[in-house]
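> coords please:
(chains A, B and C)
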Amino acid sequence: MNALVLAAEEAKSPLFPDGWEMLITFIGFVILLFIAFKFIVPAFEKVYKDRADAIEGGLAKAKAAQAEAKAARDEYNQQLESARLEAQKIREEARSEGEKILADFKDRANLESARITENAHKAIEAERAAAVVSLRDEVGTLATQLASKIVGESLNDDDRANRVVDRFLADLDAEQGRTGAAR
Amino acid sequence: MNPALRIPAEFVAPSTEDAHLPPFFELGSLAFGKQSLLILLSVVLIAGFFMFVIRRRAMVPSKGQYVGEMGYGLVRNHLGRDIIGEKDFRPYVPLLFSFFFFILVNNLFGSIPLLQLPTLSHPGSAYVLAAIAYVVWVGVGIKRHGLGHFMVKMTMPPDVPKVLYVILIPLEFLSNMIIRPVTHALRVFATMFAGHMAIMVAAAFMAYLATEVGGVLGIAGSAFGLVLGLFIYFLEVLIQILQAYIFTLLFAVYVQGALQEGH
Amino acid sequence: MEGSLSVIGYGLAAIGGGIGVGLIFAAYMQSVARQPESQRVIQPMLFMGFAVVEALAILGFVLALL
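As a prediction, this is how the structure comes out:
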């Protein structure tokens, strides 16, 4: 220890600072602090801020896009719904129209069929009347021929024969009318 | 190693004086040595590196910018935001940044071959840095609370029986206002100095065994010294980084304590 | 081998500081392991206490070198 103290005339304690070193350290540190304050920190902070802004901006953009997509989907859904409603309406209309047409046709068909039936009835009636008339003639002729064959030449006179036949048929009619009234 | 360090026949451990090399040149009392050169070099290195990596201010960082951002983010977020607090850490970021990287680079000079001198193992530099830190945090506290209130904050811990203040006020004053800056400076100086000495001793030991003792035993002992020296070397790297971190962290804690509201 | 006595004294003084710092960090780790969310509150206090305890060891170093 003594030797050290003696040597301390020349060599100082390691705890003793050198003034110039202190000054240079101070100047160096202040320069560094100035550069950090003026350039480095603002640059890094700007990058941080830009990045944060970019992320936030991206989020906002994504949100907007999502909202837009949602709106578009809503609109689409609405359109779809209205289209569906319209289709239903059209179908409904078509069905009622079809029913109406069907009913119409049915009516017309009924009318037609009634008319045809009536016509047919009339035709049949007429046919029948015609048949009755022709039958009457035929039967008259046949019966006359038959009768003339039975009674011979005396009955060749047409006028007489006709009168006989007419009388016979009138009798027949009268008898028929009687039985019809009785029935 | 100091080329002036001669290995005598009898082993003499390197003394504390060997940490100081002769200056490169002298102008009057100004002795401009390796230490001063390294300090200026560190300023150039730090400023150059960070200005270079951030030159493009790219949103998507390149590799260099990513490294720079990691370093900057460590100081800004971990030391600044987490300790000083979200509200008022921003003004202190440049100071924290300068402290951390200035001390880190200067310490790491001690582990770089050829440079091999942790600048803070010269006490003047450590004193200056701690003095700057001291002035800043005391100034911030006085500005925030006023001198009287700040002194009350520093010397009178709350929720203590009144009688105890007789003992506590001098004790707290000594601890907070005097011991604090002194230890702040000496912590980094002492670890750098001691680490530097340890490596010097290991190297001297190795050289002595190899050259003066010689023989199989000397070489084997020298190899042992090499292993020991390497171990100390890597421990030193760890401590150098850690000390830069702790210095800045303590500065942040002091600022936070000075800014803190209450009592 | 001059000055060794003061260095031995420093070695003895460092024991206290070493134990103290060890205790502080052990307690810190335990409390953070129990309540991880308390980390941010405790961390400044941790370094405060660490600095105060280590101050003793550093003062010892200074006295050894003087």
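> those helices in chain A, which residues are they?
For chain A, helices defined by DSSP state H occupy the ranges A:2-7, A:19-35, A:41-151, A:158-182.
> deepest of these, which one?
Neighbour counts (mean count of other C-beta atoms under 10 Å in any protein chain shown) averaged over each of the helices of chain A peak at helix A:19-35, with a mean of 19. All C-beta atoms are positioned from the backbone trio N, CA, C, and that covers glycine.
> any residues touching it, and which ones?
B:29-32, B:35-36, B:39-40, B:42-43, B:46-47, B:51, B:94-95, B:98, B:101-102, B:119, B:122, B:124-125, B:127-129, B:132 (C-beta atoms under 8 Å, 6 or more residues apart in numbering or on different chains).
> so of those, which ones are in helices?
The helices, defined by DSSP H, take in B:35-36, B:39-40, B:42-43, B:46-47, B:51, B:94-95, B:98, B:101-102, B:124-125, B:127-129, B:132 from the contacts of helix A:19-35.
> of the helices of chain A, which approaches B:Pro61 most closely?
helix A:41-151 (7.7 Å; C-beta to C-beta).
> Output the lowest mean pLDDT helix or strand found in chain A.
helix A:2-7 (a mean of 44; mean pLDDT, DSSP states H and E).
> pLDDT at residue 43, what is it?
Just so you know, I chose chain A. pLDDT for A:Ala43: 88.
> looking at chain C here, not the other one
For C:Gln43, pLDDT reads 83.
> coming back round to it: keep only the ones in helices among the contacts of helix A:19-35 that also lie close to chain A.
By C-beta under 8 Å from any C-beta of the partner chain, the members of the ones in helices among the contacts of helix A:19-35 lying near chain A are B:35-36, B:39-40, B:42-43, B:46-47, B:51, B:94-95, B:98, B:101-102, B:124-125, B:127-129, B:132.
> from those, which would you call buried?
Among those, those classed as buried by 16 or more other C-beta atoms under 10 Å in any protein chain shown are B:35-36, B:39, B:42-43, B:46-47, B:94-95, B:98, B:101-102, B:124-125, B:127-129, B:132.
> which residues touch stretch B:80-98?
Against stretch B:80-98 from outside (C-beta under 8 Å, 6+ apart): A:29, A:32-33, A:36-37, A:40-41, A:45, B:72, B:75-76, B:79, B:136, B:248-249, B:251-253, B:255-256, B:259, C:40, C:43-44.
> Nearest to chain A within the stretch 151-263 of chain B, name that residue for me.
Taking C-beta to the nearest C-beta as the measure, the stretch 151-263 of chain B has B:Phe193 as its residue closest to chain A, at 6.5 Å.
> quick one: what helix or strand has that residue in it?
helix B:180-208 (DSSP states H and E).
> and the residue lying closest to B:Ala198 once chain neighbours are set aside, what does it touch?
Spatial nearest neighbour of B:Ala198, chain neighbours left out: B:Ile232 (5.0 Å); criterion: C-beta to C-beta, 6 or more residues apart in numbering or on different chains. By C-beta under 8 Å, 6+ apart, the contact set of B:Ile232 is B:Gly195, B:Ala198, B:Ile199, B:Ala202.
> Can I take it that B:Ile232 is in a helix?
Yes: remark: B:Ile232 belongs to a helix, assigned using DSSP: H, G, I helix; E, B strand; the rest coil.
> Now do the longest helix along chain C: distance to the chain's middle.
Longest helix of chain C, by residue count under DSSP H: helix C:4-34. In terms of C-alpha atoms, centre = their mean, to the nearest Å, the centre of helix C:4-34 is found 4 Å from the chain centre.
> Determine whether any part of that helix lies close to chain B.
No: on the criterion C-beta under 8 Å from any C-beta, helix C:4-34 is out of touch with chain B, staying 10.0 Å away.
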